[in-house]
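Chemist: pasting the sequence and the predicted coordinates here, then a few questions.
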Amino acid sequence: MNRGYEYRHVVGFEETNLVGNVYYVNYLRWQGRCRELFLKEHAPEVLADLNRDLKLFTLKVDCEFFAELTAFDDLVVTMRLAELAQTQLELEFDYLRVDGAGTRLVARGRQRIACMRGPNGHTEPARVPAALVRALAPYGAPVAV
C-alpha cells in the first residue's frame, strides 16, 4: 500500500460529547482539513483555480469506526488516492491513534469528489486538473477510467 499524505491532529474537548467520545461529524471535518492542507502544500495551483471557476463537489463521504477516540488523543489522518477518473476522484482516509503503545487504526473513510467548472448555477463536469493529478501521484496508483 502506498504511503499517504499525513495530517496530524490532537483531539480537543470541543470535539467530544458528554460521554467523552469524539462526535462523528469531526471525522468528516478532519477529512476536509486533510484535503485542504494537501492542496495548500502540494497543489497551490488548484487553490488558485478554485478562486476562478473550478469547483470540487463532494458527492459521497463515509467513515467506518473500529475504536473510539477521546480528548487529547494524538491522531494522524492519512489520505491516499483510491481512484481517478476523468472528472472524478476518490480519496481514502485512515485515522490512526498514536500513543506509547504504537499506532492503531481507529477508523477508515472515503470521499468521492467531482470536478466542475462554470459560474454558480451553470456548472458542467470538468477534467480533474493536471496539477491535482500530479500532486496526488505519489499517494496512490490509480488507473484512469
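Modeler: Cool, got the structure.
Chemist: what's the one helix or strand Leu105 maps to packed up against?
Modeler: Following DSSP states H and E, one finds Leu105 within strand 102-117. Judged by 3 or more C-beta pairs under 8 Å, 6 or more residues apart in numbering; DSSP states H and E, strand 102-117 is in contact with helix 24-42, strand 54-65, strand 74-84, strand 88-99, strand 124-125. (Glycine included, C-beta is placed from N, CA and C.)
Chemist: got the buried residues for the second one?
Modeler: Burial within strand 54-65, assessed by neighbour count using 16 or more other C-beta atoms under 10 Å, is assigned to 54, 56, 61, 63.
Chemist: ok, now the longest one?
Modeler: Neighbour counts using 16+ other C-beta under 10 Å place 26-28, 30-31, 34-35, 37-39, 42 of helix 24-42 among the buried residues.
Chemist: now what about that helix, what contacts it?
Modeler: 5, 7, 9, 11, 15, 46-47, 61, 63, 65, 75, 77, 79, 91, 93, 95, 107, 109, 111, 132, 135 (C-beta atoms under 8 Å, 6 or more residues apart in numbering).
Chemist: same thing but at 6 Å, please
Modeler: 5, 7, 15, 46-47, 61, 63, 77, 79, 93, 107, 109, 111, 135 (C-beta atoms under 6 Å, 6 or more residues apart in numbering).
Chemist: quick check: Ala67 is in a helix.
Modeler: No: under the criterion used here (DSSP: H, G, I helix; E, B strand; the rest coil), Ala67 is coil, not part of a helix.
Chemist: contacts only, for His9.
Modeler: So His9 contacts Leu75 (C-beta under 6 Å, 6+ apart).
Chemist: the one 4 residues further on too?
Modeler: Contact analysis of Phe13 by C-beta under 6 Å, 6+ apart lists Ala71.
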